[in-house]
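K.L.:
Structure of the sequence below:
(one chain, ligands or ions: 1)
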Amino acid sequence: MMTIFNEIPTSGQVLGPTVARIDLSAITDNLAAIEAAVAPAAVMPIVKANAYGHGLIPVARHLQGLGVGQMGVAHLAEGVELRKAGIECDILVMGGLVANQIPSLIGHRLSITASSVEMLRQIDQTAAHLGKRANVHLKIDTGMGRIGTHHRSAGQLFEASLEATHTDVDGVYSHFATSDETDLSWPKTQLARFEEALDFFPAHGLETPMRHLSNSGGVLQLPKANFEMVRLGIMLYGVYPSAETTRTITVRPALSWTTKIVFSKVLEPGEPVSYGSTWSSAEATRIVTIPVGYGDGYFRLLSNQGEVAINGRRYPIVGRVCMDQFMVDIGEGSARSEEHTSELQSH
Ligand SMILES: *Cc1c(COP(=O)(O)O)cnc(C)c1O
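P.N.:
Residues are numbered from 1 along each chain as shown. Reported below is the predicted structural model:
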């Protein structure tokens with residue numbers, strides 16, 4: 001499969017009909033729409049997992065060109081890749097880590113998520129040992145149950161940060177578990193817990209570090225949680241975090257995946273399709289074969305579930321998705337028709 005950025009035509013030989021197109025201008029527009037909605041809060045674009053499959057380096061370079069001040073990744077390795085590609089802005093590594101990653105995090109000037117008192121002390125000691133300064137964001141668990149100091153013990157993490165001599169605290173944050181659902185009672189509880197934990201700072205006459213809590217669902221549905229910054233992933237790429245989320249900001253998909261039909265046939269009633277013979281036609285129908293499979297990243301879970309658009313109409317995937325091909329039922333009406341060559345699109 002070929003990936004094309006900004007529809008720049010590639011030269012050379014055609015390798016196949018399957019193309020993933022990344023429209024970077026959609027990312028520009030989505031970011032602008034999100035920034036306008038959350039201002040004066042800043043946006044930290046999240047580029048983990050290969051920029052949600054859109055290409056880490058091209059997306060990060062594009063964002064850098066747009067002047068973003070910070071980006072978020074999950075892993076140290078992603079941060080290192082960004083630094084090697086010349087990305088100079090603040091980069092927050094959001095995931096949990098093991099102690100032997102700390103020297104490399106500091107060495108590449110990556111902001112570290114300090115999710116426990118113990119980890120914060122190890123970060124500070126490592127920075128002292130290296131004769132450098134570490135940058136951290138303190139992580140509080142308010143109900144996600146993943147990483148972070150439990151909200152009731154947050155004061156201990158904050159106190160430990162005051163004792164650190166080689167560490168700058170650039171932020172304090174938490175993460176929503178259910179902000180993309182209709183029922184917002186849990187995110188509201190998380191928000192209240194976060195605010196209560198943060199009372200530590202004014203109560204001790206201290207300036208509160210930059211606060212950030214919201215992800216895409218929170219930005220759409222709980223603007224009270226925007227604080228000084230929001231961490232924006234899926235919406236940057238033009239996809240809503242769930243079907244039920246209120247769409248208070250308009251975004252459009254940056255990625256489209258197209259190919260062409262490579263085979264077409266009429267099946268008689270009862271004839272099965274694909275591995276396991278999990279589907280068979282009830283009546284005569286036309287089945288077309290698409291040259292994409294789970295080896296190309298097309299989820300096998302979409303077997304007998306997914307849909308593709310052919311010439312603007314949606315049709316069901318039938319049978320199991322194979323490693324490099326799958327089949328689509330384009331219907332009884334076209335069973336005897338010879339008109340079937342077409343462009344296929346999947347979002
Ligand atoms: C992935 C992630 C985000 C982005 O979430 P979206 O729902 O994609 O906007 C934000 N914060 C953390 C900690 C994450 O892991």
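K.L.:
what's the nearest residue to residue 42 if we skip its chain neighbours?
P.N.:
Counting by C-beta to C-beta, 6 or more residues apart in numbering, residue 229 is the residue found nearest to residue 42 once chain neighbours are left out, at 4.5 Å. Placement of C-beta: from N, CA and C, glycine included.
K.L.:
what's the neighbour count on the one you found?
P.N.:
Neighbour count of residue 229, defined by other C-beta atoms under 10 Å: 23.
K.L.:
So what pairs up with it in the strands?
P.N.:
With DSSP bridges as the criterion, residue 229 is bridged to residue 42, residue 212.
K.L.:
What separation do you get for it and residue 138?
P.N.:
14 Å (C-beta to C-beta, to the nearest Å).
K.L.:
Common neighbours of those two, please.
P.N.:
Residues touching both residue 229 and residue 138 (C-beta atoms under 8 Å, 6 or more residues apart in numbering) are residue 171.
K.L.:
Just the pLDDT at the closest residue to the ligand within the chain, thanks.
P.N.:
Closest contact between the chain and the ligand, by C-beta to the nearest ligand atom, is at residue 233 (2.4 Å). Model confidence at residue 233, given as pLDDT, is 98.
K.L.:
what's the answer for residue 333, then?
P.N.:
Taking residue 333 on its own, its pLDDT is 71.
K.L.:
what's the neighbour count on it?
P.N.:
Counted by other C-beta under 10 Å, the residues lying close to residue 333 total 9.
K.L.:
That one looks like it's in a helix, true?
P.N.:
Yes: judged by DSSP: H, G, I helix; E, B strand; the rest coil, residue 333 forms part of a helix.
K.L.:
got the residues of this structure near the ligand?
P.N.:
46, 48, 94, 175, 215-217, 231-235, 241 (C-beta under 6 Å from any ligand atom).
K.L.:
switch to 8 Å and redo it
P.N.:
The chain comes close to the ligand at residues 46, 48, 52, 72, 74, 94-95, 173, 175, 179-180, 215-217, 219, 231-236, 241, as judged by C-beta under 8 Å from any ligand atom.
K.L.:
The residues you listed in strands, which ones?
P.N.:
72, 173, 231-232 (DSSP state E).
K.L.:
domains of the chain?
P.N.:
Domain assignment for the chain by automatic domain parsing gives 22-237, 258-345.
K.L.:
so of those, which one's packed in deepest?
P.N.:
Comparing the domains of the chain by mean neighbour count (mean count of other C-beta atoms under 10 Å), domain 22-237 comes out on top with a mean of 19.
K.L.:
just how off-centre is that domain within its chain?
P.N.:
Computed by C-alpha atoms, centre = their mean, to the nearest Å, the chain-centroid distance of domain 22-237 equals 14 Å.
K.L.:
what's the answer for stretch 292-308, then?
P.N.:
Using C-alpha atoms, centre = their mean, the offset of stretch 292-308 from its chain centre is 19 Å.
K.L.:
low pLDDT regions in the stretch 1-150 of the chain?
P.N.:
The stretch 1-150 of the chain contains residues with pLDDT under 70 at 1, 6-13.
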